[in-house]
Structures are given as C-alpha cells and as structure tokens.
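Trainee: model the structure of this input:
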Amino acid sequence: MKKILPLTLSLALFVSPIAAQDDGDDDEEKPLVIAYVDLQRVQDEWILFQDALKTLEEETRQKELEVQPRLDEYQQQIIELQKKLDTPLSDEKRAEINAEIEQIYTQASQLRDGAIKALQAREKQELDKLIEKIYAAIDQLGQTTEYDLILDMTALIYGKDTYDITDEIISVLNTAAGAE
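Mentor: Presented below is the predicted three-dimensional model:
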C-alpha cells in the first residue's frame, strides 16, 4: 500500500497537465494568482481592533472593581470563621463552621467564575465581529483584484514577500475605520 500511494500521486501529477491541455478548450489556461495575509499583523495594526482590545481591557478592569469588594467580604467572613475554629469548640460546631466556610468559598468561586464567563462571552462576541470584518475586507480585495486564492500566513510554509497583501488589507480596514 505504501508503494502504491506515491505511484498513484506521481501518475496523477503527470496525467493532470495532459488532461488539462486536452479538454477541447482552445483558451489559454491562466496561471493561478495566490496571495497571503498575516492575520496576526492585521489585528495588531488595525485601529478598530486595537480600540476594541483597549475597550475590553477597560471593561475587565471595571468588572474587577465591581466584583472585588464582594470577594473581599467573602475573604473577611472566612477569616472570622477560621478564628472561631482556633477556639475550643464541639465537633458539631466545628463541622458547622467548616460547612459555612465551604459555602462561602463556593459563593466566591461562583461570583468570580460568573464574572470571567461574562467577560469571555463579551470578548468573543466583539472579536468575532471584527474578525468577520477582516474576512470581508479580504474577500472584497480578492473579488476586485486578480487574486484567485488568498491564504492565511499561518497555513503557509513559504511565500515570497511580493505575494504578501497584509499591508493592503490593513490599509483598507484603517481607511474604512476612518470613515466610520
């Protein structure tokens, strides 16, 4: 099986150009025009993306300021209960205090986890909208130029700089951001 696969691929590569030439079409085949985009650089240099990141960071700080006083209250309650555990108590009372501490830990975790999930959902929603705009700009450029195929740089092993259209995409996006 291992020997058959390379042979099959070789034959397919050999036969494909011949079949393409002998399709009865007299038109000359146009070469495929490929370009690539560094999406990470687009995100790093697109004004709206950077503004969105700053806004999300500010929302995170605001959420932390909102949640922290309640977390501090929980922490203070736990400290007070742990002090009680340092005094002589019956096993039953000790178990009640430990259960109360566990309940407070659970409440604090739920508060923290809820805030984190809300922030992550907000971040995903905002960044997904922006990524859609990036893809729309790439699609628009692809349709209005000679490019047949535009790849993300992360899928690329090698590409000449002349095929890198990242600057064009950044320019289109930043120009559109100035118009918004």
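Trainee: correct me, but Ala137 touches Val172?
Mentor: Yes - counting by C-beta atoms under 8 Å, Val172 is a contact partner of Ala137 at 4.9 Å. Where C-beta positions appear, they are placed from N, C-alpha and C, glycine not excepted.
Trainee: which other helices and strands contact the helix or strand harbouring Ala136?
Mentor: Ala136 is part of helix 91-144, with elements assigned from DSSP states H and E. If contacts are counted by 3 or more C-beta pairs under 8 Å, 6 or more residues apart in numbering; DSSP states H and E, helix 91-144 sits against helix 39-45, helix 47-85, strand 149-152, helix 166-179.
Trainee: taking helix 91-144 as reference, get the angle to the last one.
Mentor: Between the direction of helix 166-179 and that of helix 91-144, the angle (axes from the mean of the first three to the mean of the last three C-alpha atoms, to 10 degrees) works out to 100 degrees.
Trainee: what residues sit buried inside helix 166-179?
Mentor: Using 16 or more other C-beta atoms under 10 Å as the test for burial, helix 166-179 gives Thr166, Ile169, Ile170, Val172, Leu173, Ala176.
Trainee: go on, the third one?
Mentor: With burial defined by 16+ other C-beta under 10 Å, the residues of strand 149-152 counted as buried are Ile150.
Trainee: distance from it to the middle of the chain?
Mentor: Strand 149-152 has its C-alpha centroid displaced from the chain centroid by 18 Å (C-alpha atoms, centre = their mean, to the nearest Å).
Trainee: alpha carbons only: can I get it in CSV?
Mentor: The C-alpha trace of strand 149-152 is given here as CSV (Å, rounded to 0.1, in the frame of the first residue of the first chain):
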residue,chain,number,x,y,z
LEU,A,149,-6.7,32.4,-3.7
ILE,A,150,-5.8,34.3,-0.5
LEU,A,151,-4.3,32.3,2.3
ASP,A,152,-3.7,33.0,6.0
